[in-house]
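1. pasting the sequence and the predicted model now:
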Amino acid sequence: MKYKFAAAAFTAAMLVAVGLAACAKPAPGGGAAREAAPAARLPQPTRAAPKENAMNKNVSGKTAAAGAAAFAAPLALAPAEGREYAVLAGGCFWCLEAVYEQVPGVSSVVSGYTGGAARRPSYEEVSSGATGHAEAVAIAFDPAVVSYDELLGYFWKIHDPTTKDRQGADVGTQYRSAIYYVGEAQRLAAEASMAREAGHWASPIVTELKPAGDFWVAEAYHQDFYRNNPNYGYCAVVIAPKLKKAGF
């Protein structure tokens, strides 16, 4: 779902967010309230990409070097010596990519689409909700440096796993929370992580847990989006606070 805000509306939203940050609902039973999820405390600027002529042209080498081959077939997720893949969806893939690129032991993060049946979906098709895909990231990591469980720790920290098909102003099945496990070990680790995390939220976790399927690399301008466009409204207001929350 896309929103268009005038400059005045955007400023007003920021002021409203400051007030929201100071308001926390008490936890059931009168206990201490859990900190509000980041999306609930932030103003909600448009998720639409900047016009091409306004974007930083330093397009990621992830897809530029591979050319058309990067888009023609699904990304291979098979483990290799010193490398495994984690596939996660938790709202806008720009957000997840920006955080996981900072994690020691992560060698690359690719934004893309997974969880749907259609082959080679475009951003516009996925955004319509018609293909069934989620915006997701494929994280290549060295398990000797960072564990899968540690990667899931960041996942729970930077998104709200209790809001179905929604993260803040990003609404639709393409923004669902999901863990796509690569192998049985990841499935077991994800189940255990989800069970531990459940006690930290007042509402039930709605994160999907499914085996990884075809992962289609997103268009080149989506790759390294925060790194290439840090001053873009969505990046400055939504992604930067997530990075801070993750400790980067």
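-> Here it is on my side, so go on.
2. so Ala98 sits in a strand?
-> No: applying DSSP: H, G, I helix; E, B strand; the rest coil, one finds Ala98 to be helix, outside a strand.
3. need the pLDDT of it.
-> Listed pLDDT for Ala98 reads 97.
4. again, but for Leu188
-> Note on Leu188: pLDDT of 98.
5. same deal with Phe71?
-> At Phe71, pLDDT is 78.
6. and stretch 219-235, what's buried?
-> 220-226, 228-229, 232-235 (16 or more other C-beta atoms under 10 Å). In short, each C-beta sits where N, CA and C put it, glycine included.
7. average model confidence for that stretch?
-> Per-residue scores along stretch 219-235 average to 93.
8. can I get that stretch as CSV, trimmed to CA atoms?
-> Output in CSV follows, covering the C-alpha atoms of stretch 219-235 (Å, rounded to 0.1, in the frame of the first residue of the first chain):
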residue,chain,number,x,y,z
GLU,A,219,15.3,-5.1,-9.3
ALA,A,220,18.7,-3.6,-9.1
TYR,A,221,17.6,-0.3,-7.6
HIS,A,222,16.2,-2.1,-4.6
GLN,A,223,19.7,-3.6,-3.7
ASP,A,224,21.6,-1.7,-1.0
PHE,A,225,18.8,0.9,-1.0
TYR,A,226,19.5,2.4,2.3
ARG,A,227,23.3,2.6,1.6
ASN,A,228,22.6,4.4,-1.7
ASN,A,229,19.8,6.6,-0.6
PRO,A,230,20.3,7.4,3.2
ASN,A,231,18.6,10.8,3.0
TYR,A,232,15.4,9.5,1.3
GLY,A,233,12.4,10.1,3.6
TYR,A,234,11.6,6.4,4.3
CYS,A,235,15.3,5.6,5.0
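9. turn the buried residues of stretch 219-235 into a markdown table, including secondary structure and distance to Ala198.
-> Converted to a markdown table, those look like this (DSSP: H, G, I helix; E, B strand; the rest coil; distance: C-beta to C-beta, whole Å):
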| residue | secondary structure | distance to Ala198 |
| --- | --- | --- |
| Ala220 | helix | 38 |
| Tyr221 | helix | 37 |
| His222 | helix | 31 |
| Gln223 | coil | 33 |
| Asp224 | coil | 33 |
| Phe225 | helix | 31 |
| Tyr226 | helix | 30 |
| Asn228 | helix | 36 |
| Asn229 | coil | 35 |
| Tyr232 | coil | 35 |
| Gly233 | helix | 34 |
| Tyr234 | helix | 30 |
| Cys235 | helix | 31 |
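10. for those residues, which one is nearest Ser122?
-> Checking these against Ser122 with C-beta to C-beta, the nearest one is His222 at 11.1 Å.
11. coming back round to it: show me which pair in the buried residues of stretch 219-235 is furthest apart.
-> Ala220 and Gly233 (21.1 Å).
12. where does pLDDT dip in this protein?
-> Within the chain, the segments meeting pLDDT under 70 span 1-70.
13. and the strands in it?
-> Ranges of strands in the chain, per DSSP state E, are 84-90, 106-114, 134-141, 166-167, 170-171, 177-181, 208-211, 215-217.
14. and Ala189, which of those is closest to it?
-> strand 177-181 (8.0 Å).
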